[in-house]
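Asker: The sequence isn't on hand, but the structure is:
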């Protein structure tokens, strides 16, 4: 989630202390890292394979629906968004660009690379995915802090927000450069790609900037804590810190941790999306009525059933987008597997969804989006 929300929420928005509750917010927004990381370090070597399989399965079950939910929300009433009905001109253009132009450009890129058998060109897409995923993580961590600040009515000044953003970009850029410190050949779904050589002096400068911005962020948090009677939007702070340092900078600290992080990132996203969707469904005229079928009355009012339907639909769409459709295309569409690998369409689907997801969220969760103001903070 690329949240561009400002903590300067309008006073007319009713305050809400938590998305779901103090413990659930802490766990879903990033606090689960403090519980899981120590456990992963204690896993005996002989059980690492089993734990890796379980964590990878859980990551898929949590990670893929979070991508699907972004499509469900973004393309809901998309014609109205394209027309600009209820959206300002700037937001209308962003919806058109992210929803139509970006997928067309990406589709043309993958089509050209596949039809010409240009494996090296397609490999660059993997580098792009790594670039955008890191950027996306940073903006989501920052966004979670802003959301929690609004809910707790502990707003950040513009200067403080600049410190947070600069630090986020500095840490992410250093981490990304660090992965490209030497030219190495790697594979993603059977297709080779290359990282870029980064001179040591560039890496040292990036490290110095990241360290300085981190120190400035600590000072800013301490000053705010003192000025506001020893309080902060703690769950948001945890989300910001964990995202930058545990999920980006030190993500390779443990091989199992590398597998778990995408699931935790998705859990963070789902906390906001599920709250948002719950408020959308509660806004319907018949939200509190019992379900039509009596057998479903155990679930409570209709809005709960609709939220559950939204989650199930996201799970199915995630499975289709990441696995079922690309696997079917790989089996049915002939191409040069010696050049492009045995899983071309899995390669395309995973990169397309990951990169496009960044552009979708960059539009949906912006300050000024009327739906965000209406449904996220109520």
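Answerer: Cool, the structure landed. No experiment lies behind these values; they were computed from the predicted model shown.

Asker: Where does the prediction get shaky in the protein?
Answerer: 1-16, 182-183, 185, 194, 293-298 (pLDDT under 70).

Asker: Please enumerate the strands of it.
Answerer: Using DSSP state E, the strands found in the chain span residues 185-188, 191-194.

Asker: Export those as a markdown table, with columns for mean neighbour count and distance to residue 216.
Answerer: The way it works is simple: take the backbone N, C-alpha and C, and place the C-beta from them, glycine included. Listed next are the strands of the chain as a markdown table, based on neighbours: other CB atoms under 10 Å; distance: least, CB to CB, whole Å:
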| stretch | mean neighbour count | distance to residue 216 |
| --- | --- | --- |
| strand 185-188 | 14 | 34 |
| strand 191-194 | 18 | 35 |
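
Asker: Give me the neighbour count for residue 262.
Answerer: Neighbour count for residue 262, taken as other CB atoms under 10 Å: 22.

Asker: Contact partners for it?
Answerer: Contact partners of residue 262, counting by CB atoms under 8 Å, 6 or more residues apart in numbering, are 59, 63.

Asker: How much space separates it from residue 354?
Answerer: Counting by CB to CB, to the nearest Å, the gap from residue 262 to residue 354 is 10 Å.

Asker: Repeat that for residue 141.
Answerer: Distance of residue 141 to residue 354, given as CB to CB: 17 Å.

Asker: ok, these two, which is more surrounded?
Answerer: Using other CB under 10 Å as the criterion, residue 141 and residue 354 rank with residue 141 on top: 30 against 21.

Asker: and the residue lying closest to the more buried one once chain neighbours are set aside, how far is that from residue 267?
Answerer: Computed as CB to CB, 6 or more residues apart in numbering, the closest residue to residue 141 that is not its neighbour in sequence is residue 243, at 2.8 Å. From residue 243 across to residue 267, the span is 12 Å (CB to CB).

Asker: Looking at these two, which is more packed in?
Answerer: Legend: neighbour count by other CB under 10 Å for residue 243 and residue 267, higher for residue 243 (30 against 17).

Asker: Run through the residues that contact that one.
Answerer: Residue 243 is in contact with 30, 137-138, 140-141, 144, 265, 268, counting by CB under 8 Å, 6+ apart.

Asker: Okay, and which of those residues map to helices?
Answerer: Counting by DSSP state H, the contacts of residue 243 place 137-138, 140-141, 144, 265, 268 in helices.

Asker: Widest-spaced pair of the residues you listed?
Answerer: The largest separation in these, counting by CB to CB, is between 138 and 268 at 12.5 Å.
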